[in-house]
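> the following comprises the amino acid sequence and a computationally predicted model.
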Amino acid sequence: MSILGNLLQATATVLNIVLTLYMWIVIIRALLSWVNPDPYNPIVQFLHSVTDPVLYKIREKIPMSGMGIDFSPIIVLLGIVFLQEFLVKSLMQMAMTLGQ
């Protein structure tokens with residue numbers, strides 16, 4: 001396999017791991033919102049600091065104030081799945097074609 005093929009494959013693998021970790025962080029944050037955790041807990045603060053920028057941008061674009069349910073985590077999860085299915089798989093296919 002060529003060096004560029006190896007680079008693309010490594011990039012796709014790392015991107016897939018990062019997207020999967022972020023997906024789990026968003027899921028944990030959504031589940032924690034049901035139990036009203038202690039806002040001074042360092043884990044809760046970490047989850048909010050990592051997810052708030054992305055969720056806030058979605059809430060700005062798609063206002064859902066009157067519904068009572070926050071759909072922004074679902075939209076983020078759908079975006080992550082799209083990136084995994086399209087971008088990661090495309091990078092892997094490009095790496096494989098360069099390796100032939």
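On my side now, so go ahead. Numbering: from 1, shown residues only.

> going by C-alpha atoms from here, please, whenever you check contacts or count neighbours.
OK.

> gap between the nearest residue to residue 55 once chain neighbours are set aside and residue 31?
Distances taken as Cα to Cα, 6 or more residues apart in numbering place residue 72 nearest to residue 55, at 5.8 Å, with adjacent residues excluded. Distance from residue 72 to residue 31, counting by Cα to Cα, to the nearest Å: 13 Å.

> tell me how many other residues crowd the nearest residue to residue 80 once chain neighbours are set aside.
With Cα to Cα, 6+ apart as the criterion, residue 80 has its nearest non-adjacent residue at 6.3 Å, and that residue is residue 19. Residues contacting residue 19 under the criterion other Cα atoms under 10 Å number 19.

> distance of residue 19 from residue 69?
24 Å.

> what of residue 60?
Distance from residue 60 to residue 69, by Cα to Cα: 15 Å.

> test my guess that residue 96 contacts residue 3.
No: here residue 96 lies out of contact with residue 3, judged by Cα atoms under 8 Å, at a distance of 11.6 Å.

> which one's more surrounded, the two?
Per other Cα under 10 Å, whichever of residue 96 and residue 3 has more neighbours is residue 96, with 16 against 11.

> ok, the nearest residue to the more buried one once chain neighbours are set aside - contacts?
Among residues not flanking residue 96 along the chain, residue 5 sits closest, at 6.7 Å (Cα to Cα, 6+ apart). Residue 5 makes contact with 94-99, according to Cα atoms under 8 Å, 6 or more residues apart in numbering.

> and the helix or strand harbouring residue 5, how far out from the chain's middle?
Assigned by DSSP states H and E, residue 5 belongs to helix 3-32. Mean C-alpha position of helix 3-32 versus that of the full chain (Cα atoms, centre = their mean, to the nearest Å) differs by 7 Å.

> over to stretch 27-37?
So, by Cα atoms, centre = their mean, the centroid of stretch 27-37 is 17 Å from its chain's centroid.

> and for stretch 90-100?
Distance, centroid of stretch 90-100 to centroid of chain: 23 Å (Cα atoms, centre = their mean).

> buried sites along it?
Residues of stretch 90-100 classed as buried: 91-93, 95-96 (neighbour count, 16 or more other Cα atoms under 10 Å).
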